[in-house]
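Participant: please work out how this folds:
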Amino acid sequence: MSGDRRYLEHIDGTPFMWLGDTWWLGLAGRLPWPEGFKTLTTDRLAKGFSVIQIVAGPYPDMMPFDPRGANEAGFPWEEGYARINPAYFDLADRRLDWIAESGLLPCLVGAWGQLRYAGVGTLEEALAQSGSPLRGLPGRLVCGWGGDLA
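Facilitator: Sure thing, here's the model as predicted:
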């Protein structure tokens, strides 16, 4: 944020224009890694985008464990949200690293609006429940909420 708190800027002080594209299922297998993902990244760079908003968590328009939400390593969580699947997040990291290395800013969007499907109403309730899909989520994916949820 700029010194006068009126706009975003790069570390060197030049203004930053937030022009984002949202890839709802960008961490899932629906956008194949590496071919489809890298092609889309190149396309967005060429079009002048600066941010890729990408969903990390329950998708807002799908029931939990919908096959479209899995990547090559499976779903982000085990059935019943007992534990996260570290292999899923390892593959997610590859995608996020690629976005950043390409010169775009990855912005993780927590689409928690559908937590009610998991029996959770609010973020606070999700964090309090031992079976919540948010518990154990890698802190790097929820840094906007202040760190590790494990």
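Participant: now the strands: where do they sit in this protein?
Facilitator: With DSSP state E, the ranges of strands along the chain come out as 20-23, 51-55, 105-109.
Participant: can you say which of the ones you listed is packed in most?
Facilitator: strand 51-55 (a mean of 21; mean count of other CB atoms under 10 Å). Every residue, glycine included, has its C-beta placed from N, CA and C.
Participant: shaky segments in this structure?
Facilitator: Counting by pLDDT under 70, the chain contains low-confidence residues at 110-150.
Participant: which helix in this protein has the most residues?
Facilitator: Scanning the chain for the longest helix, with DSSP state H as the assignment, gives helix 86-101.
Participant: and the residue nearest the centre of the chain, how far from Met62?
Facilitator: Nearest to the centroid of the C-alpha atoms of the chain, with distances taken as CA atoms, centre = their mean, sits Ala56, at 2.9 Å. Look at Ala56 and Met62: by CB to CB, to the nearest Å, they are 14 Å apart.
Participant: do Phe49 as well
Facilitator: Distance from Phe49 to Met62, counting by CB to CB: 25 Å.
Participant: grab the nearest non-local neighbour of Gln53.
Facilitator: Nearest residue to Gln53, sequence neighbours excluded (CB to CB, 6 or more residues apart in numbering): Thr22, at 4.2 Å.
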